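**Student:** build the 3D model from these lines:
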Amino acid sequence: MRHYENGRLDVSRLESSVERKKAVAGFVPFSTRGTNNYGHIHNAVFACTRNPNPDLFRYIRDSGGVICESTYAVSDLIQWVFRTAIRNGENINLSIFCVKMRSLFKLWLCTNVFESLEVVNISDDDIKRFDKMSIYDNGWKHVESEFLKRSAA
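**Tutor:** Numbers count the residues shown, from 1 in each chain. Okay, the predicted model is just below:
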């Protein structure tokens, strides 16, 4: 049971050390993977952008491999989001500060572009357009077919 005083959580009133640790855990590194320690978090703020290490990117490219910066970025974001209470089937409040990351997340949520294409080339104009679209917008079907046509050309 959580105890509040003047609208704030009084950690000293919590019954166990586990409850205290969970109550003060306000920061989860974006690189956090494979843990259930944050399944109680219902409010999450992603305040960074992800880009692959330039040396790793160059090495993979020079070795004949393909790495898509957009897929790399959105996969890290998805893994981070699934550290929260959403993994338990609960609703969460999510805020993504970076326009690029927010747009990539919307694109992942609303289309199959990342599953259909090996490389997803997203322009700055795409990012601005996606940021203005609601996830409930019917225009996402058009966006998906647009990306598939682009990749075929």
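
**Student:** so Val119 touches Arg61, yeah?
**Tutor:** No: counting by Cβ atoms under 8 Å, Val119 does not reach Arg61; the two are 11.5 Å apart. The C-beta positions use only the backbone N, C-alpha and C, and glycine is treated the same way.

**Student:** where exactly do the helices run in this structure?
**Tutor:** 17-24, 54-62, 69-81, 99-110, 113-116, 124-132, 140-152 (DSSP state H).

**Student:** buried residues in the third one, which are they?
**Tutor:** By 16 or more other Cβ atoms under 10 Å, the buried positions in helix 69-81 come out as Glu69, Ser70, Thr71, Tyr72, Ala73, Val74, Asp76, Leu77, Trp80, Val81.

**Student:** so which other helices or strands are in contact with it?
**Tutor:** With contacts taken as 3 or more Cβ pairs under 8 Å, 6 or more residues apart in numbering; DSSP states H and E, helix 69-81 sits against strand 43-46, helix 99-110, helix 113-116.

**Student:** name the residue closest to the centre of this structure, please.
**Tutor:** Centroid check for the chain by Cα atoms, centre = their mean gives Leu77 as the closest residue, at 2.7 Å.

**Student:** follow-up on the earlier one: tell me which of the helices and strands packed on helix 69-81 sits nearest to Phe147.
**Tutor:** Closest of those to Phe147 is helix 113-116, at 4.8 Å (criterion: Cβ to Cβ).

**Student:** what number of residues lie near Ile127?
**Tutor:** The number of residues packed near Ile127 is 19, by other Cβ atoms under 10 Å.

**Student:** what bits of this protein have low per-residue confidence?
**Tutor:** For the chain, applying pLDDT under 70 flags the ranges 1-28, 153.

**Student:** domain assignment for it?
**Tutor:** According to automatic domain parsing, the chain comprises the domains 1-29, 31-152.

**Student:** and for stretch 100-119, what's in contact with it?
**Tutor:** By Cβ atoms under 8 Å, 6 or more residues apart in numbering, the surrounding residues in contact with stretch 100-119 are 46, 48-50, 66, 68, 70-71, 73-74, 77-78, 96, 120, 122, 126-128, 130-131, 133, 135, 137, 140-141, 143-144, 147-148, 151.

**Student:** great, nothing more from me.
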